[in-house]
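*Asks:* Generate a structure from the sequence data that follows.
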Amino acid sequence: MAPTLLAAAAADVAAGRLVALRADVVVLGAAYSIVHPATAAMRSRVAPFLSWLRPEMARCSDACGAAG
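*Replies:* Okay, here's the model as predicted:
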């Protein structure tokens, strides 16, 4: 959804319907957070997911970097 919204905003800026407030600011990539209760039980439930997610993110980042 976000890339579609950003593309629409970029088109509006190009058409002069919007003005970039800080055109000098460039945001690369996205930030994600995992929010969960800070209990030992929840940490043990989230740990396997994080163990899987970290290498997946690295793999994607490497692939995206190689493609771009």
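*Asks:* Quick check: which ranges of the chain have low pLDDT?
*Replies:* The model of the chain has pLDDT under 70 over residues 1-5, 30, 61-68.
*Asks:* which helix is the longest one in it?
*Replies:* helix 40-67 (DSSP state H).
*Asks:* That helix packs against which elements?
*Replies:* Applying 3 or more C-beta pairs under 8 Å, 6 or more residues apart in numbering; DSSP states H and E, one finds that helix 40-67 contacts no other helix or strand. (Each C-beta comes from the backbone N, C-alpha and C, glycine too.)
*Asks:* Three-state assignment for residue 24, please.
*Replies:* coil (DSSP: H, G, I helix; E, B strand; the rest coil).
*Asks:* Please shift the residue numbers so they start at 26 in all later answers.
*Replies:* From this message on, residue numbering opens at 26, which makes the last subject residue 49.
*Asks:* Could you pull up the residues touching it?
*Replies:* For residue 49, the contact set (C-beta atoms under 8 Å, 6 or more residues apart in numbering) is empty.
*Asks:* Distance of it relative to residue 62?
*Replies:* 40 Å (C-beta to C-beta, to the nearest Å).
*Asks:* same question, residue 31
*Replies:* 32 Å.
*Asks:* for residue 51, same thing?
*Replies:* 35 Å.
*Asks:* The two: which is more packed in?
*Replies:* residue 62 (9 against 6; other C-beta atoms under 10 Å).
*Asks:* So what does residue 57 look like in phi/psi?
*Replies:* Main-chain torsions, residue 57, degrees, to the nearest 10: phi -130, psi 150.
*Asks:* neighbours around residue 71, how many?
*Replies:* Residue 71 has 14 nearby residues by other C-beta under 10 Å.
*Asks:* Pull the contacting residues for it.
*Replies:* Contacts of residue 71 (C-beta under 8 Å, 6+ apart): 59, 61.
*Asks:* cool, the one 3 residues further on as well?
*Replies:* Contacts here follow C-beta under 8 Å, 6+ apart; on that basis residue 74 touches residue 59.
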